[in-house]
Each structure stands twice: as C-alpha cells, then as structure tokens.
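Novice: When you get a sec, could you give me coordinates for this:
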Amino acid sequence: MGRGASLKRNVKPPRPIYVLDEQIGFILRQVSQRHAVIFSRDIGADVTPTQWAALSKLAETGPCSQNRLGRLTAMDVATIKGVIDRLTARGLTETSADPDDGRRLRVSLTRAGQQLAEKAAANAFAISKETLAPLDPRERELFVALLEKLR
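Specialist: Just a heads-up that it's a prediction; the model follows:
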C-alpha cells in the first residue's frame, strides 16, 4: 500500500455546517412571530393568544371543566388556571363547582365574554388568512395538512 493511501484514510470528512436559517425550529419561530404581530394588531393587546384560545374554545364547546379546557387548548394545568383567573377578573369568564363533581371547576363565558368571542371571531379568521397569504390556495391546504401531521 502506498503512502498516499494511508493519508487518505486519516482524513475526516468535513462536518456539515449548521445553518440556522435552514432549521425547522427557527423557521417555525419566525412564522410564529409574524403571526403574533398580526394577531396583536387585529385582536388587540388586551387579549393574549392563550386567552383567545380559551375564549374561542368555550364559545365553540360551551361550559366545561377547567382541566378539560386546558387539554382542549394545549395548556398545562398552571397555564390554564392563570388564563382563567385573568379572564374571570376581567368579567369574561366565570367559574362554578361542576354539578357532576364538586372537586372540579367548571368554566363558562359570561355575556361579555360571549360578545367578545363573537366580535373577535371575524378578526381571527382574517388573521389566519393573512398569515397564510403568501401561499396559494393549494399550498395553504397542503401546509396546514403537513402541520397537522407534525402536531
């Protein structure tokens, strides 16, 4: 074996270069930040995305336990408790003992909460539409389907 052959075996292949701009987490964060700016502009700064999730899910499903609402909105126990505490303090939700299980807290929209959810729903549709605006209709459908697969 010649000297050149042994040198070639000791050469390590180049390490792949980690390019942040090409990483899915970074891209998703940028898209999420863009969506958050649109959300804040169109819903307003006085309703956070987590508060909107709780309000809109209650408008969709009706009263439910705080625990179930947390699961339906992908919030842990501490987060949903804080969200409901803040919404209740603003008069948008109310809590009561669950009639089927007194250990559970049942959450429902107040009249003001229902009105806010109904009023903001049109803006929420527009927010989703604007977030996806750079895509054509076929791309939007595919993009959402692919995200669903990753969920």
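Novice: which regions of the chain sit below the pLDDT cut-off?
Specialist: Low-confidence segments of the chain (pLDDT under 70): 1-8.
Novice: now the helices: where do they sit in it?
Specialist: 3-10, 24-43, 49-61, 66-72, 77-89, 111-131, 137-150 (DSSP state H).
Novice: got the angle for the second one vs helix 111-131?
Specialist: Between the axes of helix 24-43 and helix 111-131, defined by axes from the mean of the first three to the mean of the last three CA atoms, to 10 degrees, the angle is 130 degrees.
Novice: Skip the chain neighbours and tell me the closest residue to residue 62.
Specialist: Leaving aside its sequence neighbours, residue 62 sits nearest to residue 108 (CB to CB, 6 or more residues apart in numbering; 7.3 Å). For every residue, glycine as well, the C-beta is placed using N, CA and C.
Novice: nope, residue 77 is what I was after
Specialist: residue 70 (6.1 Å).
Novice: quick one on the thing from earlier: quick one: which of the helices of the chain is nearest residue 97?
Specialist: Smallest distance to residue 97 across these (CB to CB): 11.3 Å, for helix 66-72.
Novice: So what touches that closest one?
Specialist: 54, 57-58, 61, 64, 75-77, 79-81, 84, 95, 104-107 (CB atoms under 8 Å, 6 or more residues apart in numbering).
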